[in-house]
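Student: coords please:
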Amino acid sequence: MAREDSQDSGGERPERGQRRERGGRDRDRGRGRQQEREERDEFVDKLVAINRVAKVVKGGKNFGFAALVVVGDQKGRVGYGKGKAREVPEAIRKASQEAKRSLVRIPLREGRTIHHDAAGRWGAGKVFLRAAPPGTGIIAGGPMRAVFETLGIQDVVAKSLGSSNPYNMVRATIDALQAQTSPRSIAAKRGKKVSEILAGRTGGGEATGADAA
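Tutor: So this is what the prediction gives:
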């Protein structure tokens, strides 16, 4: 009787299949964490704006937070996202995940500036971008600077001509960047050589690989 009681109190041992399932879950979790670390190393994220919202209820006020985040790899890809939550870290995490899902690739000249001047608009937000020579730096303010830094642009002159709403400014900036076309894509459309396209550019001539990209 004592043996039976000890066996009953000890419970049933897990089968081999169950042990394997648990081991597989642990491995999957480890892979997921490793993938998150690699993404953090690959992408740079910047918090552009955070807004606190209060909802008045019977017992008082419920506070919520909305975050706007810009994410990029500093190699020509950039995206933005917004997230809402009761806590600030959770709102930022949601915004970062949405930004990574909305990444777009922008062609850059020599990997440091834009190919040509461009204007962008979103709602009441209006921006104007101009290419700049080496050593100029990023002459832009607030939300626009965050987009350029995460994208990998080093020299650019930008001006906001409309609303100062950060959401509209970020969207207008990305709209202007998406209008960028590289000499290589123009040459392919017209059936010409890249050097012929660059001949009309100031200081043009033979095209370098960086210019054609």
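Student: which elements pack onto the helix or strand containing residue 149?
Tutor: Assigned by DSSP states H and E, residue 149 belongs to helix 143-151. Other helices and strands packing on helix 143-151, by 3 or more Cβ pairs under 8 Å, 6 or more residues apart in numbering; DSSP states H and E, are strand 44-57, strand 60-72, strand 77-85, strand 138-139, strand 156-160, helix 166-178. The C-beta positions use only the backbone N, C-alpha and C, and glycine is treated the same way.
Student: which non-adjacent residue is nearest the residue at minimal distance from the centre of the chain?
Tutor: By Cα atoms, centre = their mean, the chain has its centre lying nearest to residue 71, at 2.3 Å. If you skip the residues right next to it in sequence, residue 71 has residue 99 as its closest partner in space, 3.8 Å away by Cβ to Cβ, 6 or more residues apart in numbering.
Student: wait, that neighbour sits on residue 68?
Tutor: No: Residue 99 lies out of contact with residue 68 (Cβ atoms under 8 Å); the separation is 9.1 Å.
Student: anything in contact with each of these two?
Tutor: Counting by Cβ atoms under 8 Å, 6 or more residues apart in numbering, the residues touching both residue 99 and residue 68 are 80-81.
Student: what's the residue nearest to the centre of the chain in contact with, if anything?
Tutor: 43-46, 78-81, 96, 99-100, 103, 150.
Student: same thing but at 10 Å, please
Tutor: Shown in contact with residue 71 (Cβ atoms under 10 Å, 6 or more residues apart in numbering): 39, 42-46, 77-81, 95-103, 146, 150.
Student: what distance do you get for it to residue 164?
Tutor: To residue 164, residue 71 is 22 Å away according to Cβ to Cβ, to the nearest Å.
Student: equivalent analysis for residue 62, please.
Tutor: Counting by Cβ to Cβ - residue 62 and residue 164 are separated by 28 Å.
Student: next: residue 108.
Tutor: 27 Å.
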